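> Provided below for reference: sequence and predicted model.
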Amino acid sequence: MTATLSKPTLETPSGMLRGAARGGLANLAGTVCTGVAGLGVTWLAARALDPHGAGAFFAATAVFGLGVTVAKLGVQTSLVYWPARMRAVGDLSRLGQCLRTALVPLAVAALVIGGGLWFTADLLPGRADLVRTLAVFLPFAALSDALLAATRGLRAMRPTVLLDRVMRPGLQLVLLALVWALGWGPDVFAALWALPYLPAALLAGVALTRLRAAVSPAKVDISDFTPRRFWAFTAPRAVASLAQMALQRVDVLLVAALAGLAPAAMYAVAGRFVILGQFVNQGVTQSVQPRLAERLAVQDQAGANLLYRQATAWVVLACWPLYLLMFTYAHQYLDLFGEHYEGGVHIVRLLAVTMMVATACGMVDVVLAMAGRTWWNLLNVGLALITMLGVDALLIPRHGAFGAAVGLCAAVLVNNLVPLVQVVRGLGLHPFGRATLLACGLATSCFAVPQLAVLPVHGLLVKFAATGAGAAAYCYAAVRLRHVLMQGER
């Protein structure tokens, strides 16, 4: 592999979309593994632990996720953005400097954050012993994410797919199944959940080392990279990443603190399916992101807009059926986790509808970041977080887990609709191409309309039959219309 270019060379639009689609499909395949493993972990936690133990585990993992996000300092986005810009202008001579600029501060921050969680665990919601167990593995999780981001910046998707999408979640599922079989407690459950981050970090380092060895440094020096510019781009993104993670995690902690561990467990279980959709979105985004940065670096607005629209169509095509099925089968989904979680039906349905709206907006935050508008991104996420905290403080004491779901939905809408307006008005880009509209129409016609048609008829078998017919029609239509859905052609 030769990653250095003597002059700016960009793919043709069709080649760009094919490359992004290949990477996206590989990521989506890995995402299936991640999603299944994630749901399996949630199921095992609900089955192996009592509601209070499960709530303590989910609270501890929420703290862990927040800590990892703080420790990463926002560099994961920068480690895609800057190598992609270097590729676009044909100069990778400063790649090593870029990596050192990012990884050395991250390693220090990860050790500090991990130690901080260890010593302050008694002050956090849930069980202190679980937080301390996870804190040991926090540096490995942060380093793994950053190293894999750097490989994606060099357009290598395989390490992310194999290590972060398949190996780590697969190991977590296998190890926690062992815990369940042997009847061990939450402390061992937490330790074995975090253990796979160690080999993931080591193997990610090996993968990046091999990629760097294949790079021939350019003889020219025309890249606009400097450490100062790196941190000017990264600083707002670091705060935005923390706020983004808080949107995903802090509500579990608030439910645990204001309503109790059992409602926190129900809320975590009811909303777990959202993570599968987020993984799909992330899988497509990670494939498109370096190419989007390259197009914006050379001011190719048409190419950037094409990538944005097609990526949105792919995510809608994959995620809307999931959300529509979750809305339809909310009762059956919650039954999988046991009788303690049957009260979360309204949470599932509210989140499903909200995520459909968010998905249709596309990767608005990534578009802003790859255009260098990290301050805009920070303001948007901050506004969304303030919205969620305000609604949560008002509704959780009275309505428990459902109040938290309302707060999350309000934040998700703010965090997608506000940046959508900015992308349209400020950058001249939008996600609503014919492929996106076609994907929305197909999903609605094949998964929502059949359920509305059989609504007067009671019986689960009838609903299953309608779903099966709709799914078959969906697959057939997607194949027949693949040129529009995959390449934007008529």
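Cool, the structure landed. Numbers count the residues shown, from 1 in each chain.
> From here on, just use CA atoms for contacts and neighbour counts.
OK.
> Let me know the secondary structure of residue 456.
At residue 456, secondary structure determined by DSSP: H, G, I helix; E, B strand; the rest coil is coil.
> Got phi/psi on residue 455?
Dihedral angles of residue 455 (phi, psi; degrees, to the nearest 10) stand at phi -60, psi -40.
> Next: the one 4 residues further on.
Geometry field for residue 459 lists phi and psi as phi 130, psi 130, criterion degrees, to the nearest 10.
> roughly how far apart are it and residue 329?
12 Å (C-alpha to C-alpha, to the nearest Å).
> can you check residue 65 too?
29 Å.
> These two - which one has more neighbours?
Per other C-alpha atoms under 10 Å, whichever of residue 65 and residue 329 has more neighbours is residue 65, with 22 against 18.
> Let me see the contact set for the more buried one.
245, 249 (C-alpha atoms under 8 Å, 6 or more residues apart in numbering).
> Now the element after the helix or strand containing residue 44, going C-ward?
For residue 44, the element it lies in under DSSP states H and E is helix 13-48. Downstream of helix 13-48, the first helix or strand assigned by DSSP H and E is helix 51-72.
> For that next one, give the mean pLDDT please.
Average pLDDT, helix 51-72: 88.
> What of stretch 77-85?
Mean predicted confidence for stretch 77-85 is 87.
> in it, what's buried?
Neighbour-count burial for stretch 77-85 flags 77-85 (criterion: 16 or more other C-alpha atoms under 10 Å).
> List of residues touching that stretch?
92, 95, 98-99, 102, 146, 149-154, 223, 225, 230, 233-234, 237, 289-291, 293-294, 297, 369-370.
> cool, and stretch 293-309?
Applying C-alpha under 8 Å, 6+ apart, the contact partners of stretch 293-309 are 10, 13, 17, 81, 84-85, 87-89, 288, 292, 362-363, 367, 370-371, 429-433, 435-436.
> got it, and stretch 420-433?
301, 304-305, 308-310, 312, 360-362, 364, 367-368.
> now with 6 Å?
For stretch 420-433, contacts defined as C-alpha atoms under 6 Å, 6 or more residues apart in numbering pick out 305, 308-309, 364.
> and which of those is nearest to residue 463?
residue 309 (32.9 Å; C-alpha to C-alpha).
> before we move on, what SS does that closest one have?
Under three-state DSSP, residue 309 falls in the helix class.
> What is the neighbour count of it?
24.
> Check the gap between residue 482 and residue 435 for me.
On the measure of C-alpha to C-alpha, residue 482 and residue 435 end up 9 Å apart.
> Compare those two (neighbour count), which wins?
Using other C-alpha under 10 Å, the more surrounded residue of residue 482 and residue 435 is residue 435, with 28 against 15.
> Without its sequence neighbours, what residue ends up closest to that one?
Nearest residue to residue 435 in three dimensions, chain neighbours excluded: residue 485, at 4.9 Å (C-alpha to C-alpha, 6 or more residues apart in numbering).
> now the protein, which segments are flagged as low pLDDT?
For the chain, the stretches with pLDDT under 70 are 1-28, 215-223, 487-490.
> what about the residue nearest to residue 115 when sequence neighbours are not counted, neighbour count?
What sits nearest to residue 115 in space, not counting adjacent residues and going by C-alpha to C-alpha, 6+ apart, is residue 135, at 7.1 Å. Neighbour count of residue 135, defined by other C-alpha under 10 Å: 29.
> Could you give me the buried positions within the stretch of helix or strand residue 189 belongs to?
Applying DSSP H and E as the criterion places residue 189 in helix 186-194. Neighbour counts over helix 186-194 (16+ other C-alpha under 10 Å) mark 186-187, 189-194 as buried.
> by contact count, what packs against the following helix or strand past it?
Using DSSP H and E, the helix or strand that follows helix 186-194 towards the C-terminus is helix 197-213. Judged by 3 or more C-alpha pairs under 6 Å, 6 or more residues apart in numbering; DSSP states H and E, helix 197-213 is in contact with helix 138-153.
> coming back round to it: residue 60: which of the buried residues of helix 186-194 is nearest?
Closest to residue 60, out of all of the buried residues of helix 186-194 and judged by C-alpha to C-alpha, is residue 190, at 8.3 Å.
> what's the closest non-adjacent residue to the closest one?
Nearest to residue 190 is residue 130, by C-alpha to C-alpha, 6+ apart, at 6.2 Å.
> ok, which stretches of the stretch 301-450 of the chain are helices?
301-328, 330-335, 345-360, 364-370, 374-399, 401-422, 434-443, 449-453 (DSSP state H, counting those that start in this stretch).
> Give me the angle between the helix or strand hosting residue 248 and helix 401-422.
In this structure, residue 248 sits in helix 227-258 according to DSSP H and E. Put simply, helix 227-258 runs at 160 degrees to helix 401-422, going by axes from the mean of the first three to the mean of the last three C-alpha atoms, to 10 degrees.
> buried sites along helix 227-258?
For helix 227-258, a neighbour-count test (16+ other C-alpha under 10 Å) marks 230-231, 233-258 as buried.
> Which SSE is immediately downstream of it?
helix 261-270.
> Contacts for that following helix, please.
51-52, 54-55, 252, 255-256, 341, 344, 348, 401.
> quick check: angle from the helix holding residue 248 to helix 374-399?
Going by the same axes, to 10 degrees, helix 227-258 makes 0 degrees with helix 374-399.
> so what does helix 227-258 touch, helix or strand wise?
Helices and strands touching helix 227-258, by 3+ C-alpha pairs under 6 Å, 6+ apart, are helix 51-72, helix 261-270, helix 374-399.
> If we use 8 Å, what do you get?
Under the contact definition 3 or more C-alpha pairs under 8 Å, 6 or more residues apart in numbering; DSSP states H and E, helix 227-258 sits against helix 51-72, helix 75-89, helix 95-120, helix 261-270, helix 374-399, helix 401-422.
> and of the ones you listed, who's closest to residue 171?
Checking the helices and strands packed on helix 227-258 against residue 171 by C-alpha to C-alpha gives helix 51-72 as the closest, at 16.6 Å.
> quick check, distance from that closest one to the centre of its chain.
Put simply, helix 51-72 sits 16 Å off its chain's centre (C-alpha atoms, centre = their mean, to the nearest Å).
> Now for the residue nearest to residue 435: which residues touch it?
310, 313-314, 435-436, 438-439, 478.
> Mind telling me what element it is part of?
helix 482-487.
> cool, and residue 181?
If you go by DSSP H and E, residue 181 is part of helix 168-182.
> Could I get the buried residue list for that helix?
168-173, 175-177, 179-180.
> which two in those residues are spaced the farthest apart?
Taking C-alpha to C-alpha, no two of the buried residues of helix 168-182 sit farther apart than 168 and 180, at 18.4 Å.
> May I ask you to confirm that residue 197 is in contact with residue 144?
Yes. Using C-alpha atoms under 8 Å, residue 197 makes contact with residue 144 at a distance of 7.3 Å.
> Number of residues surrounding residue 420?
Residues near residue 420, counting by other C-alpha under 10 Å: 23.
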